[in-house]
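Undergrad: I would like to see how this sequence folds:
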Amino acid sequence: MSIICIAKGTATIGLTTRGADGQIISQTPARWEHDPDGGCVALWTMNPETEEQEAPARIYGDWQASEYLGDVLAELKPRRKVNLPDFPAIVRAAMADGMDICVYCQSFGCNECIVNEWKSERSDEE
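TA: Here you go, the predicted model:
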C-alpha cells in the first residue's frame, strides 16, 4: 500500500520553443508551488518505506472534484462497497425517464460540469 498525497497549489505548464532546425531555443520547466489559495490539486503516491514518489503527480483544476476524488478512491482500493451512489447511472436513468436534472441546477452554469459528461456518455451509448 502506498502513501496517498494530495495538495493544493499552483501548477505552471512548461514550455519548449524550437527553431526551424528543431534545436531548442528556450525552455521553461513545468513547476508546482504549494499554495493554499492555488487553483490546482496534485495527487501522487509515495513508497511508505523510502518516502520517495512512485509515479508522476496527476494535476487537476480544483473544480474537478469528481476526477481527483475518484482517483483518490481508486488509489485506496477499498475491499468493500463504498457508500457513494452511482450518480452517473442515476442521471442516465432519470434522462431515460424524460427528466433533465439540469433544470434544477441554479449554480454551476454547465461549464466543465460532470453531469454533462454523464449525459454525453448516455448519448454515446445510444
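Undergrad: so where's this protein uncertain?
TA: 106-109, 111-112, 121-126 (pLDDT under 70).
Undergrad: try it again at 80.
TA: The chain contains residues with pLDDT under 80 at 1, 101-126.
Undergrad: doesn't Met99 fall inside a helix?
TA: No. Secondary structure assignment places Met99 outside any helix; it is coil (DSSP: H, G, I helix; E, B strand; the rest coil).
Undergrad: which stretches of this protein form strands?
TA: Under the criterion DSSP state E, the chain contains strands at 3-12, 15-18, 24-28, 31-34, 40-46, 58-61.
Undergrad: most packed of those strands?
TA: Of all the strands of the chain, strand 40-46 carries the top mean neighbour count, a mean of 18, counting by mean count of other Cβ atoms under 10 Å. Heads up, the C-betas are built off the backbone N, CA and C, glycines and all.
Undergrad: quick one: list the elements packing against that one.
TA: Judged by 3 or more Cβ pairs under 8 Å, 6 or more residues apart in numbering; DSSP states H and E, strand 40-46 is in contact with strand 3-12, strand 58-61, helix 65-76.
Undergrad: next, format these as a markdown table and append distance to Trp118.
TA: Shown next, in a markdown table, are the helices and strands packed on strand 40-46 (distance: least, Cβ to Cβ, whole Å):
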| stretch | distance to Trp118 |
| --- | --- |
| strand 3-12 | 24 |
| strand 58-61 | 18 |
| helix 65-76 | 10 |
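Undergrad: so which of those gets nearest Ala96?
TA: Nearest of the helices and strands packed on strand 40-46 to Ala96, taken as Cβ to Cβ: helix 65-76 at 21.2 Å.
Undergrad: pull out the buried residues from the closest one.
TA: Neighbour-count burial for helix 65-76 flags 66-68, 71, 75 (criterion: 16 or more other Cβ atoms under 10 Å).
Undergrad: and the residue most central in space within the chain, what does it touch?
TA: Per Cα atoms, centre = their mean, the C-alpha nearest to the average position across the chain is that of Glu67, at 3.3 Å. Glu67 makes contact with Tyr60, according to Cβ atoms under 8 Å, 6 or more residues apart in numbering.
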